[in-house]
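Engineer: Dropping a prediction and its sequence here:
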Amino acid sequence: MKNRGRLMAAWLHPFGRVPWAALYTIWRQGGRIENIDIVVQRRWLRRSKKGLWYCPRDIPPERIRGVVTFAALARSPIEETAGR
């Protein structure tokens with residue numbers, strides 16, 4: 001699904017911007033967030049001025065390779081290591 005802002009597109013971010021994207025999504029959209037791993041053709045993507053990517057077309061479900069929930073994103077690696 002595309003967002004409902006000025007630019008009707010699916011917004012994507014590089015792996016290194018996961019924490020920022022999670023916080024921004026909560027602040028801007030509210031609700032549930034998930035980190036979705038997708039594979040699309042490079043020609044489908046456009047680069048925004050802020051270093052993000054967007055896809056102006058719908059991304060088919062077969063392009064989704066994995067979904068990480070907010071609970072998994074929020075888990076502390078320090079607490080996991082200490083519990084071992």
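Structural biologist: That came in fine, so what should we check first? Values in this document were obtained by computation on a predicted structure and should not be read as measured data. Residues are numbered from 1 along each chain as shown.
Engineer: where does the protein have low pLDDT?
Structural biologist: 1-5, 29, 31-35, 70, 73, 76-84 (pLDDT under 70).
Engineer: Would you map the helices across it?
Structural biologist: For the chain, the helices defined by DSSP state H cover 18-29, 70-74, 77-82.
Engineer: With residue 11 as the reference, measure out to residue 24.
Structural biologist: With distances taken as Cβ to Cβ, to the nearest Å, residue 24 is found 10 Å from residue 11. Where you see a C-beta, it was placed from the backbone N, CA and C, and this is true even at glycine.
Engineer: actually residue 26, not the one I typed
Structural biologist: Distance of residue 26 to residue 11, computed by Cβ to Cβ: 15 Å.
Engineer: Show me which of those two is the more surrounded one.
Structural biologist: More neighbours surround residue 11 than the other of residue 26 and residue 11, with 16 against 13 (other Cβ atoms under 10 Å).
Engineer: hey, what's the closest residue to the more buried one other than its chain neighbours bridged with?
Structural biologist: Leaving aside its chain neighbours, residue 11 sits nearest to residue 54 (5.1 Å; criterion: Cβ to Cβ, 6 or more residues apart in numbering). Applying DSSP bridges to residue 54 gives these bridge partners: residue 11, residue 46.
Engineer: Spit out the contact partners of residue 54.
Structural biologist: Residues near residue 54 by Cβ atoms under 8 Å, 6 or more residues apart in numbering: 7, 9-12, 45-46, 48.
Engineer: Give the PyMOL command for selecting the buried subset of these.
Structural biologist: To isolate the buried members of these in PyMOL, using 16 or more other Cβ atoms under 10 Å:
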select buried, resi 9+10+11+12+45
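Engineer: Among the contacts of residue 54, which one lies nearest to residue 60?
Structural biologist: Nearest to residue 60 out of those is residue 10 (Cβ to Cβ; 11.1 Å).
Engineer: how much space between that closest one and residue 74?
Structural biologist: 23 Å.
Engineer: Residue 12 now?
Structural biologist: The gap separating residue 12 from residue 74 is 21 Å, by Cβ to Cβ.
Engineer: Please apply the same query to residue 13.
Structural biologist: Counting by Cβ to Cβ, the separation of residue 13 from residue 74 is 17 Å.
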